[in-house]
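Asker: what follows is a predicted structure for the sequence shown.
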Amino acid sequence: MIYLCGIPFEFRRDTTYNIKDHKYIMSDTTTPVPAQNLTDGMHVVVDTLKRNGVKVVYGVVGIPVTDLARHLQECGIRYVGFRHEQSAGNAAAITGYLTQKPGILLTVSAPGFLNGLTALANATINGYPMIQISGSSNRAIIDLQQGDYEGLDQMNVAKPFCKASYRINRPEDIPVGIARAIRAAVSGRPGGVYLDLTTALLESVIDQDVIDKCMFVTEDPAPAYMPSAQSVEKAMGLLAQAKHPLIILGKGASYSQTETDIRAFIEKTGIPYFPMSMAKGLLPDDHPQCAIAARSFALENSDVVMLIGARLNWLLSHGKGKHWNPNVKFVQIDIDPEEIDSNQHIQAPIVGDIASSMKCLLSALEKQPFHADTDWMDQIKKAEAPNVAKMAAKLSLNPTPMNFYSALNAVKKVMDKNQDVILVNEGANTLDDTRDVISMQNPRHRLDCGTWGVMGIGMGFAIGAAITTGKRVVCIEGDSAFGFSGMEIETICRFKLPVTIVIFNNGGIYKGDCKNLGGGSDPSPTTLMANAQYDKMIEAFGGIPYNATTPDELQSALEAGLTADRPTLINCVIDPSVGTESGHIGNLNPKVILQK
Ligand code: ADP
Ligand code: TZD
Ligand code: MG
């Protein structure tokens, strides 16, 4: 430090590549700059995130981002430290889904980055906006593959797994780099973005005046995308003429937070609808036009299906096959023009954001009202009746040990009285049966494995949802599914989050009573420990443990969990013999002829 006229001055340092040391280094320039006017890349990153409205960052620290996390806290951004980057990434992804703003994941270089990448890819596949910000090591050494500490060409590795992958190399590019990341994450179809911050960038020193001149906040990062008037008109014509119209709501509709207009359109047209898994609750599941209990009948018999934020992917058997009327015509509202015709010919595409599109549809309906034939709704209700009776019969049984349905019957009693609780759900049977049994009454209250059917979202989603909404969260977890993110119960306890975890412990992946076909003493590929006491795990961190072997015990443990002042974990003992291989999607397994 030097003093000129009593004012402390420092030499400004710029990032340059030093050939002798094979390193990016800070080289002193000859221009003295007042020390109070200097800043560094790390502070500029934090400042830019704050100005862009980032409230929470999820991550795991280490070289070179530990101080970055400290500065986040220092400037009032909440930092939630996890035990594994994948869970932190899942928390960021679900924050994006719930808020329409990108959730932020912070990771260290190479292995930390890769641990987070699964969550980034999952976010991209599902349309959750998030940004994975990762520290990275020395570019010169990485590019020549000379073996740096945690060296990896992260920006290029990330590219196939996200919407966009950027690296910021100069501190004056930080505002524009973060703006590009935010826009890429939330505009169009939302998704994951990777942002690479080198150590050299984080420690680069720059005049605050220079930064002030290039600093800005993104304006309207997800602009409205109006559909064309002709596309709306064509869709309305098709729907008005349909004898058996049907609306399918997907998680794009939930994401768009357009439930009021969607409900108005459904009620004014009298068209039956059903929600995809995470769209449950967008309209209450007990809505009189909800056809969820007659899903197959509705699909087989509909002549015009309108998809609102739902893709014709494997979850809808690609819009063809025995589940579909072969002559069905489609209306599809989607923000992504490339989604149209991706599986089936879409006769009436509406390319636009759902909020704008629903407004246009409602005003078209005002001008030319129509109402679906009420006989069609009656047919659906008739088709529903035997399915509802079948489910009631399943729920009424009380076997020992519990099966999925008797356990879920107990969960249902509690959830029906606590409709504002957010439900996180993963597993195979545990996923499918919970979706069928537990009705949702509020939008964005059911968070699950999504498009990939991925295991491991449980604790990350629970933490992200609890932090973002402040609401209580109940996780219904298969025993295998829980294992993927189970260590995060320490994070849940450390942050004192209102989370209750119910583990459906049937001792295995799908079921717990499978045999080793080789006859040896090793457990079978699907076997886990049926006698595992998962409840003991939460005791280690000061949470409240429960063990439930009957529906009554489960019900009272869950009720207690929902009013407890600490996180709770219920080990729910399920008969190891009752699960179905792969839950409801066993048909996707390769068909081979078993020898035994
Ligand atoms: P689900 O699994 O519930 O069927 P998908 O994730 O397959 O839902 O589909 C969601 C669709 O919604 C995606 O094709 C996506 O492009 C679209 N989408 C997401 N947000 C919007 C929005 N705001 N406006 C229009 N379409 C959207
Ligand atoms: N790994 C990842 C990341 N995702 C996956 N979907 C799987 C593996 C394969 N898998 C499923 O598709 S479901 C499942 C696995 C391992 C677990 C099912 O067992 P569970 O649930 O205990 O969670 P049930 O109730 O016993 O069926
Ligand atoms: Mg299981």
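Answerer: Sure, I can see it. Ligands and ions are numbered 1, 2, ... in the order given.
Asker: list phi and psi for whichever residue of the stretch 151-300 of the chain sits closest to ligand 1.
Answerer: Per CB to the nearest ligand atom, G252 is where the stretch 151-300 of the chain lies closest to ligand 1, at 2.0 Å. C-beta coordinates here come from the backbone N, C-alpha and C atoms, glycine included. Phi and psi for G252, reported as degrees, to the nearest 10, are phi -60, psi -40.
Asker: next up, the contacts around it.
Answerer: G127, R189, I308, G309, A310, D334, I335, I354 (CB atoms under 8 Å, 6 or more residues apart in numbering).
Asker: want to throw those into TSV with secondary structure, pLDDT and neighbour count?
Answerer: Below are those laid out as TSV (DSSP: H, G, I helix; E, B strand; the rest coil; pLDDT from 0 to 100; neighbours: other CB atoms under 10 Å):
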residue	secondary structure	pLDDT	neighbour count
G127	coil	98	25
R189	coil	98	19
I308	strand	99	28
G309	coil	98	27
A310	coil	98	25
D334	strand	98	25
I335	coil	98	24
I354	helix	98	27
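Asker: tell me, which of these make contact with ligand 1?
Answerer: With CB under 6 Å from any ligand atom as the criterion, the contacts of G252 include G127, R189, G309, A310, D334, I335, I354 near ligand 1.
Asker: and L239, what helix or strand is that in?
Answerer: In the assignment (DSSP states H and E), L239 maps to helix 229-241.
Asker: tell me which residues in that helix are buried?
Answerer: Neighbour-count burial for helix 229-241 flags S231, V232, K234, A235, M236, L238, L239, A240 (criterion: 16 or more other CB atoms under 10 Å).
Asker: mean confidence score for it?
Answerer: Mean pLDDT, helix 229-241: 98.
Asker: next structured bit after it?
Answerer: The first helix or strand that comes after helix 229-241 along the chain, using DSSP H and E, is strand 245-249.
Asker: residues of the stretch 351-500 of the chain that sit close to ligand 3?
Answerer: Residues of the stretch 351-500 of the chain found near ligand 3 (CB under 5 Å from the ion) are G478, D479.
Asker: distance check, the residue of the stretch 151-300 of the chain closest to ligand 1 against I333.
Answerer: Using CB to CB, to the nearest Å, G252 is found at 8 Å from I333.
Asker: and for these two, which residues touch both?
Answerer: Common neighbours of G252 and I333 are listed as I308, G309, I354 (criterion: CB under 8 Å, 6+ apart).
Asker: report the contact partners of the closest residue to E339 other than its chain neighbours.
Answerer: Leaving out its chain neighbours, the residue that sits closest to E339 by CB to CB, 6 or more residues apart in numbering is R311, at 6.2 Å. Counting by CB under 8 Å, 6+ apart, R311 touches G250, D334, E339, S342, N343, T451.
Asker: what does A428 give?
Answerer: Counting by CB under 8 Å, 6+ apart, A428 makes contact with G478, S480, A481, I509, Y510, G579, T580, S582, G583.
Asker: burial count for the residue lying closest to it once chain neighbours are set aside?
Answerer: Distances taken as CB to CB, 6+ apart put G583 closest to A428, at 3.6 Å, once the chain neighbours are dropped. Using other CB atoms under 10 Å, the number of residues around G583 comes to 19.
Asker: spell out which residues of the protein are next to ligand 1.
Answerer: 126-127, 189, 250-252, 255-256, 276, 278-279, 309-311, 313, 315, 334-336, 339, 353-354, 451.
Asker: try 8 Å
Answerer: Applying CB under 8 Å from any ligand atom, one finds that the chain approaches ligand 1 through 126-127, 188-190, 222, 225, 248-256, 258, 275-279, 309-311, 313, 315-316, 333-336, 339, 352-355, 357, 450-451.
Asker: just the buried members of those residues?
Answerer: Among these, those classed as buried by 16+ other CB under 10 Å are 126-127, 188-190, 222, 225, 248-256, 258, 275-279, 309-311, 316, 333-335, 339, 352-354, 357, 450-451.
Asker: distance of the residue of the stretch 151-300 of the chain closest to ligand 1 from N126?
Answerer: Taking CB to CB, one finds G252 at 10 Å from N126.
Asker: ok, V388 next?
Answerer: Where N126 is concerned, V388 sits at a distance of 30 Å (CB to CB).
Asker: check which helix or strand covers V502.
Answerer: Counting by DSSP H and E, V502 is found in strand 499-505.
Asker: what about S524, neighbour count?
Answerer: By other CB under 10 Å, neighbour count at S524 equals 17.
Asker: what do you get for K320?
Answerer: Residues within reach of K320, counting by other CB under 10 Å, total 13.
Asker: what's the closest non-adjacent residue to it?
Answerer: Distances taken as CB to CB, 6+ apart put Q344 closest to K320, at 6.5 Å, once the chain neighbours are dropped.
Asker: in a strand, that neighbour, correct?
Answerer: No: read with DSSP: H, G, I helix; E, B strand; the rest coil, Q344 is coil and lies in no strand.
Asker: residues in contact with it?
Answerer: Listed by CB under 8 Å, 6+ apart, the contact set of Q344 reads L312, H318, G319, K320, F330.
Asker: for T468, state which of these is nearest.
Answerer: Of all the contacts of Q344, T468 sits closest to L312, with 30.1 Å by CB to CB.
Asker: low-confidence bits of the stretch 1-150 of the chain, can you list those?
Answerer: Applying pLDDT under 70 to the stretch 1-150 of the chain picks out residues 1-34.
Asker: next up, phi/psi of the residue nearest to E339, please.
Answerer: Torsion angles, degrees, to the nearest 10, at R311: phi -100, psi 150.
Asker: tell me the pLDDT at it?
Answerer: For R311, pLDDT reads 98.
Asker: do the one 3 residues further on as well
Answerer: Reading off the per-residue confidence, W314 sits at a pLDDT of 97.
Asker: and the residue of the stretch 351-500 of the chain nearest ligand 2?
Answerer: When scored by CB to the nearest ligand atom, the stretch 351-500 of the chain has G478 as its residue closest to ligand 2, at 2.0 Å.
Asker: and that residue, how many neighbours?
Answerer: 30.
Asker: equivalent analysis for the one 5 residues further on, please.
Answerer: Taking other CB under 10 Å as the criterion, the count of residues near G483 is 18.
Asker: what about the strands in the stretch 301-450 of the chain?
Answerer: Along the stretch 301-450 of the chain, counting by DSSP state E, counting those that start in this stretch, strands occupy 304-308, 329-334, 348-351, 422-426, 446-448.
Asker: could you do the stretch 1-150 of the chain as well?
Answerer: Assigned by DSSP E, counting those that start in this stretch, the stretch 1-150 of the chain shows strands spanning 2-4, 7-18, 23-34, 38-40, 56-59, 78-81, 103-107, 130-136.
Asker: for the stretch 451-596 of the chain, same thing?
Answerer: Under the criterion DSSP E, counting those that start in this stretch, strands of the stretch 451-596 of the chain are mapped to 473-478, 499-505, 544-548, 568-573.
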